[in-house]
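Participant: please find the sequence and the predicted model below.
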Protein chains: 2
Amino acid sequence: MLPRGRPRALGAAALLLLLLLLIGFLLLGGDPECERLEPDGRAGDLGCPRCPLTPRVPSDGRLRGASALDGDPMAGLWDHNRSACDPWPQLPPKCELLHVAIVCAGHNSSRDVITLVKSLLFYRKNPLHLHLVTDAVARNILETLFRTWMVPALGVSFYHADQLKPQISWIPNKHYSGLYGLMKLVLPGILPPGLARVIVLDTDVTFASDIAELWALFAYFSDKQVIGLVENQSDWYLGNLWKNHRPWPALGRGFNTGVILLWLDRLRQVGWEQMWTLTAQRELLTLAATSLADQDIFNAVIKEHPELVQPLPCVWNVQLSDHTRAEHCYSEAADLKVIHWNSPKKVRVKNKHAGSFRNFYLTFLGYDGNLLRRELFGCPSQTLPEAEQLQRALAQLDEEDACFEFRQQQLTVHRVHITFLPHKPPPPRPHDITLVAQLSMDRLQMLEVLCRHWPGPMSLALYLTDAEAQQFLHFVEASPVLSARQDVAYHVVYREGPLYPVNQLRNVALAQALTPYVFLSDIDFLPAYSLYDYLRASIEQLELGSRRKAALVVPAFETLRYRFTFPSSKAELLALLDSGLLYTFRYHEWPQGHAPTDYARWREAQAPYRVQWAADYEPYVVVPRDCPRYDPRFVGFGWNKVAHIVELDVQEFELLVLPEAFTIHLPHAPSLDISRFRSSSTYRDCLQALKEEFHQDLSRRYGAAALKYLTALQQPRSPA
Amino acid sequence: MLPRGRPRALGAAALLLLLLLLIGFLLLGGDPECERLEPDGRAGDLGCPRCPLTPRVPSDGRLRGASALDGDPMAGLWDHNRSACDPWPQLPPKCELLHVAIVCAGHNSSRDVITLVKSLLFYRKNPLHLHLVTDAVARNILETLFRTWMVPALGVSFYHADQLKPQISWIPNKHYSGLYGLMKLVLPGILPPGLARVIVLDTDVTFASDIAELWALFAYFSDKQVIGLVENQSDWYLGNLWKNHRPWPALGRGFNTGVILLWLDRLRQVGWEQMWTLTAQRELLTLAATSLADQDIFNAVIKEHPELVQPLPCVWNVQLSDHTRAEHCYSEAADLKVIHWNSPKKVRVKNKHAGSFRNFYLTFLGYDGNLLRRELFGCPSQTLPEAEQLQRALAQLDEEDACFEFRQQQLTVHRVHITFLPHKPPPPRPHDITLVAQLSMDRLQMLEVLCRHWPGPMSLALYLTDAEAQQFLHFVEASPVLSARQDVAYHVVYREGPLYPVNQLRNVALAQALTPYVFLSDIDFLPAYSLYDYLRASIEQLELGSRRKAALVVPAFETLRYRFTFPSSKAELLALLDSGLLYTFRYHEWPQGHAPTDYARWREAQAPYRVQWAADYEPYVVVPRDCPRYDPRFVGFGWNKVAHIVELDVQEFELLVLPEAFTIHLPHAPSLDISRFRSSSTYRDCLQALKEEFHQDLSRRYGAAALKYLTALQQPRSPA
């Protein structure tokens, strides 16, 4: 790819550099007035374009023009008028890989980091590699997310945060980020030795520009400089915020570590680890703890070794805390590059322009991450093997096929964000059961009442857009019932494609269940209040774990009324059934779905009884967690559960109906998807084709044992 | 604001320019090899950065390096490697106003233009002024949209497309854009004489960068150049696409007019109007018609006067038609600036990378336009007076007030897109009636069945996010029932804030009703099949237009069942009522809402009868279009219709119940908003406060006549 013109280009570049230095001298170095501030405290405007050609922190450690940090925190460093300076930085070549390191721990930071990454990816034009230092929770979430996201030209490596703790846990720290905040200090030691440079970001920053422009600033580091930082936009380190406020030492207002350019190999050369350790140990002799985590230590080191730091233009870290002085930066700059929500209040912070800034953040919060699966045209081998395989499979589909939408939907890999909200895994208990279900936005109102009916763990897959995921978050936060439940795990599967991927959703929820048993339910069903306890007792009594391979059937009923008093016992349920206020489930439209449960026998039953599989049977069952998965080929509506019960039966699960168990379906308006397809004969034909393919696969896998299902299928019936 | 350092800056700039010219000479002019193409047809890479320092079309009209247009359509013009060239163009000063002209006609183009404008606003950092040449439909839509959008630092002017038709209607044209495509030719004559430069855009382009960078290219125009254009990325003008394909004359592949830089004052000076008119007249002697509208004529003029054109880098108009050669452009460029969907298939076009490009487009299609209401920090007086007033009112709200959310929601100005889909106004008929209602996404499935029940005009307000509006569009397109109805007007009101602005929505739908009468309904109601005809007959019989000031009451019923056969007559309805399958509306929870309708009398009634207002009465009524508006203070749920009936009563509308009219409410799951607030006592307290304020206003406006409503209110009742 190297053009043969390169030597000439290098010559031209060298000359260019020379000329730039000349101009730089003329504009900056040659004119002492340019160091002076205007009477209003701002740096001279077009007259003194402060282009970053020379380091502005001289070796004496004092910023030139001492008033810089007293008047305007941004002045004295760089000028932000793009017409003077912005054209200068040379962007890295088109396909150069840029490296980013982020420390991330827990459920909430994992959500934050995704918003940050979306903003990065939106503006980036280079391949990126993310180095993520994570705890177990964040790793679990982010590994799944990036694997399913399949963004071209994005690499991700994980580093164990827990293994780093010993290196920093000796430092007392009062910052809200806890120990994790301090981990930025040890990055030079843990990132690959071959990695020369990295940009380090806090999870609470949002990009409003191409990170390559930030990377380009490495070019302005002098030989001695190893850390690029933006000055603090608060008065914290001046130590005059309140009486007896004694901050860690810093140069003037100090630097903010939300955005750091780290020259890793030079840091290793100068003995960074020893350097910061000694400084921290010394300061801790007189200071009780760090208040701002790594930032205190970075600043203390810089105060001692000012030659290490290259100050960066303020636009690369616009700090929006409550009493921020950032306005001095952005009222000058046309172009904000990175916004930093560095208040514990985050985007709820209040300051003059918080609303406008929040819009940047909200843009990426609600941005459809699927749209970031865009190629970087012209860079070699940027697609992942899985993505390439997928692309090939999709390309092989026949667009003229009437069932094209089905085929396409089956192949779709949905982005998955497991445990979207804070979640505490249930303590290990031998007969514990997780309720497994899936839903979309139109069923959110079921969650509260479901929580009242099922006091045990739940694993729920939600099929949402990125924007809906935020609405869902607010919905849970606003609900005392839902907020109180830490044993409900919500897994967001991001929407893509026209058909509802019902079985893929069920499989996501099922894969994340952490108890030995699962109750495979649907979101419109409310279990009997006693069901959770009763099922656990039944599992124990029936010795399901060790002796029997069985699926416990929970008989299903339905009400067609909104106003409805839930029966508190089997006796009450039977009374409602007799009075016509309840029916057995889908009694009117699809009786074969539950007929094998034998409701007549259930009425009288005192003990579990075995029933036989029959065509189209689709009961709600309790099975071990490692049960067969749902067949993901069934997308949209119809036959998705039936196929799963066939799979259980062919694997010789006994079907045992529990005499005291019941669950009741509540009425709801038909979903949009159902309405859309109920009337379509193509849809029914495609479903028929899927069923036939399912049976072919079944025969392949189970041989003669699968024959009975095929025979049953060939009897004419209408699909669900 | 001018800093005193300016003279020095000018000096520095002059020197800089000199140096740049020197470098330019070294890199370009001084090296003839740079004009040569690489063997693969691409321009030399870093070795020959083709920076736009000199015009590349010499006065002989032939592009230098004739192979340029034969091999790679992009080569020979500009190089796209940003590391060589992009830093050079000087962006316009931070607060300089940039002008954009767009021709837009009809409902579909109005939607397109909004997506384009969203992309413009997303990246822009300068104030913008849009010059919109529109037909009556587009003007109506876009005036409302921009007035309610209230984007800071965005001006909009409208120009009557219909008045321009005589200037171009003599030109035979076969392009899908019709006559409107040709209007770009007459822009120099109709834009304000003081306007020197403008960027002209087709509605089917999407920006992926700051338009200021495009504006900056004006700086490279020579004195003679007046039009900046990107070369065509198809072989159309080569005339070899098929046998007997005879395109209009053009230089090589010609230029595409989806993105044009027009130097207006120079165009006027060179006598543009006469120039293009003469060329067109002459070509039309031998060519039957233009195939590509204005583009054919621009190209013919340029072929004759090549000195007029400044070629622009291909990235500013990446043309994605079916057989586009655009890949040559973007595989070289890291940075795509403008994407042009210049196929009649638009974003459904198929080419190698269409999917990736579509993501850019989809980004802005679904982008929440409210987020673009962001200030440009540091530019003077950019906010509109209405917006400023609104900001003041919002700032005066007390955040500690328990009803703060209500107050804030009442003040919110929602962005409104009227007639979102193609709509044909009903022909003027003296007794015609429009059904008026409002809905959100969760009620879309009502639309089809409502269309079957109401064959007349409808005006519906939909409360949606930008992304939901697209889902809605697809929903309508997929429905044969809805697609067939051109008399249903859909008005999108964009979501903002936590409370449902029910009365603001009703007022939007009401304001857009075009018939003399309106039936004020709710989306969950299905009118009797005969109601539309019956109401028109009743209006005529009762001489409502001239003689009586009356509101016709349509009695309301409800079913609690999903499976339900709609009664085809009053007799059938009464039978269902007697058998308990139907109830009078809200019989169980809120009988006072409809009790005054006097259902017992209605059973027997043969003629319309008058009823008296009573507290909490909220019937569904037919009234003249100019009836009182709904009170927008009632947001969320409760008392919103009641207040409107009070207003009708105090204005002395007779309440006449129609003996054969009925409408039936269908069951639905409680909406999220209702669930969220039903349990909140604060919510009920705030509603009470709103009611009291409503009555105070009523007293102010109507004096003693309003007393009876206040008395009624003071009797203790629970709110709806």
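Facilitator: Sure, I can see it.
Participant: so A:R625 is in contact with A:F519, correct?
Facilitator: No: counting by CB atoms under 8 Å, A:R625 stays clear of A:F519, with 10.8 Å between them. Bear in mind the C-beta positions are built from the backbone N, C-alpha and C, glycine included.
Participant: higher neighbour count, these two?
Facilitator: A:F519 (26 against 17; other CB atoms under 10 Å in any protein chain shown).
Participant: mind giving me the packing neighbours of the helix or strand that contains that one?
Facilitator: Using DSSP states H and E, A:F519 maps to strand A:517-520. Strand A:517-520 sits against strand A:433-440, helix A:502-511, helix A:531-541, strand A:620-624, with contacts defined as 3 or more CB pairs under 8 Å, 6 or more residues apart in numbering or on different chains; DSSP states H and E.
Participant: if we go to 10 Å?
Facilitator: Contact analysis of strand A:517-520 by 3 or more CB pairs under 10 Å, 6 or more residues apart in numbering or on different chains; DSSP states H and E lists strand A:433-440, helix A:502-511, helix A:531-541, strand A:550-554, strand A:620-624, helix A:640-650 as its packing neighbours.
Participant: ok, the fourth one: who's next to it in the sheet?
Facilitator: In the sheet containing strand A:550-554, its partner strands are strand A:620-624 (antiparallel), strand A:654-657 (parallel), by DSSP bridges.
Participant: using a markdown table, please lay out the ones you listed together with mean neighbour count.
Facilitator: Below are the strands paired with strand A:550-554 laid out as a markdown table (neighbours: other CB atoms under 10 Å in any protein chain shown):
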| stretch | mean neighbour count |
| --- | --- |
| strand A:620-624 | 22 |
| strand A:654-657 | 20 |
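Participant: make a markdown table out of these and add mean pLDDT.
Facilitator: Converted to a markdown table, the strands paired with strand A:550-554 look like this (pLDDT from 0 to 100):
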| stretch | mean pLDDT |
| --- | --- |
| strand A:620-624 | 97 |
| strand A:654-657 | 97 |
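Participant: dump those strands into CSV; add distance to B:G378 as well.
Facilitator: Listed next are these as CSV, based on distance: least, CB to CB, whole Å:
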stretch, distance to B:G378
strand A:620-624, 62
strand A:654-657, 72
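Participant: so which bits of the stretch 251-400 of chain A are right by chain B?
Facilitator: With CB under 10 Å from any CB of the partner chain as the criterion, the stretch 251-400 of chain A meets chain B at residues A:327, A:329-336, A:350, A:352-353, A:355-363, A:366-368, A:370-379, A:391, A:394, A:399.
Participant: go with 8 Å
Facilitator: Applying CB under 8 Å from any CB of the partner chain, we find that the stretch 251-400 of chain A lies next to chain B at A:327, A:330-335, A:353, A:356, A:359-360, A:362-363, A:366-368, A:370-378.
Participant: now, of those, which are buried?
Facilitator: A:327, A:330, A:332-335, A:353, A:356, A:359-360, A:362-363, A:366-368, A:370-377 (16 or more other CB atoms under 10 Å in any protein chain shown).
Participant: in helices, which of those fall?
Facilitator: Of those, the ones assigned to helices by DSSP state H are A:E327, A:Y330, A:S356, A:N359, A:F360, A:L362, A:T363.
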